[in-house]
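**Q** coords please:
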Amino acid sequence: MKSRSTKGEFIMSSAGMSRRTTLGAACATLAGAAMLPQPGNANAPADSSSEAVVRSWYDAWDKKDWDLASAVTTDDFTFTSPAPDDHISKAAYKKNCWDTQLAFTGKFDLELVLAQGDDVLVKYSAGTTNGKTFSNVEYFHLRDGKIASLRCYFGGNMSFPSSVSAQ
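**A** Okay, the predicted model is just below:
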């Protein structure tokens, strides 16, 4: 919000934006900027095959189908999140994330999918089985047509299905 000082110049007032909102907006801006074409590949088109692989990942969650999720990930797949999960293995992801969150997770609504080569950025909202919602941003890196790594950036306060469902 701008207001005019007695000297006629505009100054910004401190109305309306919490630090959390500001930080969230900054993170989303940085994540989006990271997906912009870099010098040397400025004409690189979005990669629809990478996007399709990532959409299959969310389809697996919607169908609650681990075999499909496993099929679109590499054997050395890693997952990172603030939960804290720091580059955990595919087996640890299944045990600690898939198996524990599946009963709470409803349908994913992919709001933004940006693909560039082997990198895909997704912003989504999802429902829980008890009618609540959560939103996150996830960054995927693919190798040889499969998801090699996934980094999840939680929206809100630890925004994953069981956490949101408990609120």
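**Q** The nearest residue to Ile147 once chain neighbours are set aside and Asp67: what is the separation?
**A** Take Ile147 and drop its neighbours on the chain: the residue closest to it by CB to CB, 6 or more residues apart in numbering is Thr73, 4.6 Å away. The C-beta positions use only the backbone N, C-alpha and C, and glycine is treated the same way. The gap separating Thr73 from Asp67 is 11 Å, by CB to CB, to the nearest Å.
**Q** count of neighbours near the residue nearest to Ile147?
**A** 24 (other CB atoms under 10 Å).
**Q** and if you look at Thr133?
**A** 15.
**Q** How about Leu114?
**A** There are 17 residues near Leu114, going by other CB under 10 Å.
**Q** Where does it sit: helix, strand or coil?
**A** strand (DSSP: H, G, I helix; E, B strand; the rest coil).
**Q** partners of it in the sheet?
**A** Leu121 (DSSP bridges).
**Q** Need the per-residue pLDDT for it.
**A** For Leu114, the model assigns a pLDDT of 96.
**Q** So it sits against Glu138, correct?
**A** No: Leu114 is beyond contact range of Glu138, at 11.3 Å (criterion: CB atoms under 8 Å).
**Q** Common neighbours of those two, please.
**A** With contacts taken as CB atoms under 8 Å, 6 or more residues apart in numbering, the residues that reach both Leu114 and Glu138 are Leu121, Val122.
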